[in-house]
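Structure for the following, please:
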Amino acid sequence: MSYTKLLKMVANEHNTTPENVDEEMRRVIQSAGYDMEPESFVALMAAKVKKRTNKTNTTILPYDI
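The predicted model follows:
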């Protein structure tokens, strides 16, 4: 799933705009101590989730990343 599509999906679920979702993600990532773009952060987390999912055979996130 593309980052843009993910933003739109989350925005739709929370009745806001993709721009607001992107801004909030940037703030949260920065406050967590990471210095990276949200798209890179999401890709990194998706890779970790897929790795963990393969080990446990369970789905962790409701999104098809």
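
Restrict stretch 23-38 to CA atoms and write it as PDB.
Taking Å, rounded to 0.1, in the frame of the first residue of the first chain, the C-alpha atoms of stretch 23-38 are listed here in PDB:
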ATOM      1  CA  GLU A  23       1.300  16.500  10.100                       C
ATOM      2  CA  GLU A  24       0.300  14.400  13.200                       C
ATOM      3  CA  MET A  25       2.500  11.500  12.100                       C
ATOM      4  CA  ARG A  26       5.500  13.900  11.700                       C
ATOM      5  CA  ARG A  27       4.900  15.300  15.200                       C
ATOM      6  CA  VAL A  28       4.600  11.800  16.800                       C
ATOM      7  CA  ILE A  29       7.600  10.400  15.000                       C
ATOM      8  CA  GLN A  30       9.700  13.400  16.000                       C
ATOM      9  CA  SER A  31       8.500  13.200  19.600                       C
ATOM     10  CA  ALA A  32       9.400   9.500  19.700                       C
ATOM     11  CA  GLY A  33      13.000  10.600  18.900                       C
ATOM     12  CA  TYR A  34      13.200   9.500  15.200                       C
ATOM     13  CA  ASP A  35      14.600  11.800  12.600                       C
ATOM     14  CA  MET A  36      13.000  10.400   9.500                       C
ATOM     15  CA  GLU A  37      10.200  11.000   7.000                       C
ATOM     16  CA  PRO A  38       6.900   9.400   7.800                       C
END
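
Not counting it itself, show me its contacts.
For stretch 23-38, the external contacting residues (C-beta atoms under 8 Å, 6 or more residues apart in numbering) are 3, 22, 41-42, 44. The way it works is simple: take the backbone N, C-alpha and C, and place the C-beta from them, glycine included.

those helices in this protein, which residues are they?
Secondary structure of the chain, counting by DSSP state H: helices at 3-13, 18-31, 38-56.

Adding mean pLDDT and mean neighbour count, write these out as JSON lines.
Output for those, formatted as JSON lines (pLDDT from 0 to 100; neighbours: other C-beta atoms under 10 Å):
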{"stretch": "helix 3-13", "mean pLDDT": "93", "mean neighbour count": "15"}
{"stretch": "helix 18-31", "mean pLDDT": "95", "mean neighbour count": "14"}
{"stretch": "helix 38-56", "mean pLDDT": "76", "mean neighbour count": "13"}
